[in-house]
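In: predicted model and sequence follow; I will ask about them next.
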Amino acid sequence: MWEQIRSNQRRSVLLVGVMLLLLAALGAAIGGAVLPPDGVFLGVAVAAGLWIIMTLVAYFQGDNILLAASGAREIKKEDHPQLFNVVEEMTIASRLPKMPRVFIINDQAMNAFATGRKPENSAVAITSGLLARLNRDQLQGVIAHEIGHIKNQDIRYMTIVGVMLGTIVILSEFFLRGMFRASMTRRYGGGRRGGGGPQAQAVLLVLAIVFAILAPILGQLIYFACSRRREYLADASGAVFTRYPEGLASALELLANDTHKMTQVSRATAPMFIVNPLDKGRRAAVGLMSTHPPIEERVRILRSMAGGAAFTNYQEAWKKVAGSRAGSLPPSALSEAAPVAVRAPGAEAAPTPQDARRRLRETGDILRKASQFLFLACACGMRVKIPPEFKRDHIGCPRCGRNLQVPVAHLAAIAAVSGAAGRENVPVAQAKTTPQAPLEIVRKDRQWMSFKCACGAVQQLAPSFEGDATRCTACGRTIRVRG
C-alpha cells in the first residue's frame, strides 16, 4: 500500500498550498471591501497568519477537534469489552503498530469514522446506534473499514482538509452575516474616501460577497477531490482484514437504510464518516458533490468477491460491477497474490428491535458512567441516573416517588470539585490506601455501591459484579473488592 500512502502525503502538501491560496484570496476580497484601499494587503496578511495557525492546529490537534466536534467520548476496555476485542482483532489483522483509541458518539444514527495524525496516535469513533443494531460480523466489517483508512494513512489527509475547510466556512459565514446585519448605507456609502470612491467600494463589496459564497464551495470541491477511491480501498482492506466481505456489505446496507439523522455533524466532518450523514435520502447521488461511492455499488462489489477475500478478488469484483468506471488498487496490494479463503459467518444473529433498544440504553449508561453519573437502584426496579453536578443528599424516584438517599461519597466528590470547605471528613465507603498498595473497599451486599477512589473520582459497582478487583475510570488505579 506504499503507493497510496505516498499519494496521501503528496496530496496533503498540495492541499495545504491550495488552502493557502483560497484563504489569501478570501482575505484580500474581504479586506478590500471593508478597509479600502489598503485592506487588500491587510486581508492577505491576516489570511496568511490564520493559515499558519490552522495548519499547525490541524496537524497537531486536528483529531481532537474533529472528535470534540462530533461529540465523541473516549471509553476504556472495561466499559465495552466486545467493542475493544473487535478493535484489537482488526489491529492485529492489519499489523498496525498501535491500537487506536476507541470513542463512542451518543447518537442513534448509524455511522463511524477514523481520525488521527498517524497510525501511532489514531482513533476510531462509532455511534451508539451502530453498536446497538449490528451483530459482531457487521461490527467487525465497519471497524476493519476504518482501520483500513488508518493503515493507508487517509486519516491525516482528511483531518487536515476537514479543519481547514471548516476555517474557510467559518470565515465566510462570519463575513456574510456581518454584512447582512450591518447598515450598508452607513458603513459602505460615500462617506469614505480612497479606493476609487463609492462605486469602487461597492464593486469590491460585491466581489467580496461573491467570493465569500464561492470559497466554501471551492473548498468543498477540493475536499471531494480527495477521490472516492479511498473508500473503495478501505472496503477492500476491510474485506481482507476480516476475511468475510458479507459482514461489511450487510453493515453498509443497514447504514444506507437508517433513517436517523446525526445531531452533531457539519459539512467539514461529514465526508470522514463511512457513510456521509448529510446524504441521507440521496443514496443514488453521484457526481462532483458526492464524497462517497454509491452504497449499492459498494455492496455489489463486496458480494461479488466469491473467489476469496484478497485484494485481487476485490479488484476483479470492482471491474465486474463498475466496468469501465472501475479504478485500480495499488500495485503493491495486488502483488500480494496469496489466496485468502472467505471464512464462515459467526454464530451471533442480528439483534432484534428489543435487543437494539436494550443496547442503546446500555451504551448510554456507559457514556454516563464515563461522565461520572451516579446510578441509584430503587426498590420498585427503577434505576435513577444522577448527573455529577447534583448536590442534594436525596432524590425522589420518578416511578414510585420513594425518597432515595444520595451516597455521601458522591456528595464528597462534588464538594471537592467545587472547592467547598469543611467536607474533608465526610464518611465514605470503608476504604484504605497506601502509596504502594491499591485502594481496597469492603462490599457488604449485592446492591449498587458507590465509593470514592483515592484520586477523588466516584466509582460504582453493579449488583452483577463478581470480581475481586476493578479499575478506576479516571486514574486507572486497581481497586480491590472484599466481601
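Out: Looks like it arrived, so ask away. Bear in mind that the values here come from a model prediction, so they are computed numbers and not experimental data.
In: can we go C-alpha only for contacts and neighbour counts from here?
Out: Fine.
In: what secondary structure does residue 124 sit in?
Out: strand (DSSP: H, G, I helix; E, B strand; the rest coil).
In: that one against residue 112, yeah?
Out: Yes - if you go by Cα atoms under 8 Å, residue 124 and residue 112 touch, sitting 7.5 Å apart.
In: list residues touching both of the two?
Out: Common contact partners of residue 124 and residue 112 (Cα atoms under 8 Å, 6 or more residues apart in numbering): residue 146.
In: below-threshold pLDDT in the stretch 1-150 of the chain: ranges please.
Out: 1-5, 8-9, 11-12, 15, 36-37 (pLDDT under 70).
In: so which residues of it form helices?
Out: 2-34, 39-69, 81-94, 128-133, 136-151 (DSSP state H, counting those that start in this stretch).
In: residues contacting the residue nearest to residue 403 when sequence neighbours are not counted?
Out: Spatial nearest neighbour of residue 403, chain neighbours left out: residue 396 (4.6 Å); criterion: Cα to Cα, 6 or more residues apart in numbering. Contact partners of residue 396, counting by Cα under 8 Å, 6+ apart, are 402, 403, 404.
In: so where do the strands sit in this protein?
Out: Under the criterion DSSP state E, the chain contains strands at 72-74, 101-105, 112-115, 123-127, 374-377, 383-386, 394-396, 403-405, 431-432, 439-442, 449-452, 458-461, 469-471, 478-482.
In: possible to save the ones you listed as TSV with distance to residue 250?
Out: TSV is the format used below for the strands of the chain (distance: least, Cα to Cα, whole Å):
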stretch	distance to residue 250
strand 72-74	25
strand 101-105	21
strand 112-115	15
strand 123-127	17
strand 374-377	36
strand 383-386	35
strand 394-396	45
strand 403-405	46
strand 431-432	49
strand 439-442	46
strand 449-452	41
strand 458-461	37
strand 469-471	36
strand 478-482	40
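In: deepest-packed of these, please.
Out: For these, the largest average neighbour count (mean count of other Cα atoms under 10 Å) is found in strand 112-115, namely a mean of 28.
In: could you export stretch 151-169 as CSV, CA atoms only?
Out: Taking Å, rounded to 0.1, in the frame of the first residue of the first chain, the C-alpha atoms of stretch 151-169 are listed here in CSV:
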residue,chain,number,x,y,z
LYS,A,151,-3.4,1.7,7.6
ASN,A,152,-3.5,3.7,4.3
GLN,A,153,-2.9,7.0,6.2
ASP,A,154,-6.0,8.6,4.7
ILE,A,155,-6.7,9.9,8.2
ARG,A,156,-4.0,12.7,8.3
TYR,A,157,-5.1,14.0,4.9
MET,A,158,-8.8,14.0,5.8
THR,A,159,-8.1,15.5,9.2
ILE,A,160,-6.1,18.4,7.8
VAL,A,161,-8.6,19.1,5.0
GLY,A,162,-11.5,18.9,7.4
VAL,A,163,-10.1,21.5,9.8
MET,A,164,-9.0,23.9,7.0
LEU,A,165,-12.3,23.7,5.2
GLY,A,166,-14.0,24.4,8.5
THR,A,167,-11.9,27.5,8.8
ILE,A,168,-12.9,28.8,5.4
VAL,A,169,-16.5,28.1,6.1
